[in-house]
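**Q** Return atomic coordinates for the entry below.
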Amino acid sequence: MSPEPAAARTTPGRRRRAVFTAAMVLAVLIPSVILRELIESRSGSGPVADLSAIAVPMAATAWLAPYASYRRRDALLWLVGPGVYVFSVIAWRLALSPYRDWRPRPEELPRVRWSRDPERAGTWFLTKASGDVDHTPLR
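**A** So this is what the prediction gives:
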């Protein structure tokens, strides 16, 4: 087995992980509010302004979801309400990337392996890019 990359050896603490999660959520929500305000000032309030408020978070959720063992279609949850919660979970999981403290989905099992490092006992380590993701794993 090949050793884990040196850059991936440092896992953030709980506080650092929470700060990263909050920053990621704010980095998605603030532009969406700004976009909504810009569209509302141009065309008035209505369905176009409301849908523009969730356009940026839906795109971010769809892009990042495969990295956190979610499906891209989970971005549609922004239309019915729990999108903020789902994106927060995705951001929380990505804060530990490439390590995983959740159980991988069955189709992900060939790409992950159990971490053998005593400091990261109980985590999975992502070794390959996802089949439905055209880019490399984060970090």
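**Q** What is the helix ranked longest in the chain packed up against?
**A** If you go by DSSP state H, the chain has its longest helix at helix 14-43. Helix 14-43 sits against helix 47-64, helix 83-94, with contacts defined as 3 or more CB pairs under 8 Å, 6 or more residues apart in numbering; DSSP states H and E. Where you see a C-beta, it was placed from the backbone N, CA and C, and this is true even at glycine.
**Q** which residues are contacting the longest one?
**A** Read that as helix 47-64. For helix 47-64, the surrounding residues in contact (CB atoms under 8 Å, 6 or more residues apart in numbering) are 28-29, 31-33, 35-36, 39-40, 43, 70, 72, 74-79, 83-84, 86-87, 90-91, 94.
**Q** Over to the shortest one?
**A** The set of residues external to helix 83-94 that reach it, using CB under 8 Å, 6+ apart, is 17, 20-21, 24-25, 28-29, 54, 57-58, 60-61, 64-65, 67-70, 74-75, 77-78, 100-102, 138.
**Q** So among those residues, which ones count as buried?
**A** Buried residues within the contacts of helix 83-94, counting neighbours by 16 or more other CB atoms under 10 Å: 17, 20-21, 24-25, 28-29, 54, 57-58, 60-61, 64-65, 67-70, 74-75, 77-78, 100.
**Q** Would you convert the helices and strands packed on helix 14-43 into CSV that also reports mean pLDDT and distance to Glu107?
**A** As requested, the helices and strands packed on helix 14-43 are exported to CSV (pLDDT from 0 to 100; distance: least, CB to CB, whole Å):
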stretch, mean pLDDT, distance to Glu107
helix 47-64, 90, 18
helix 83-94, 92, 17
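**Q** Could you say which of these is packed most deeply?
**A** Neighbour counts (mean count of other CB atoms under 10 Å) averaged over each of the helices and strands packed on helix 14-43 peak at helix 83-94, with a mean of 19.
**Q** got the angle between it and helix 14-43?
**A** 140 degrees (axes from the mean of the first three to the mean of the last three CA atoms, to 10 degrees).
**Q** what sits against Trp78?
**A** Neighbours of Trp78 in contact, by CB under 8 Å, 6+ apart: Ile54, Pro57, Met58, Thr61, Val84, Phe87.
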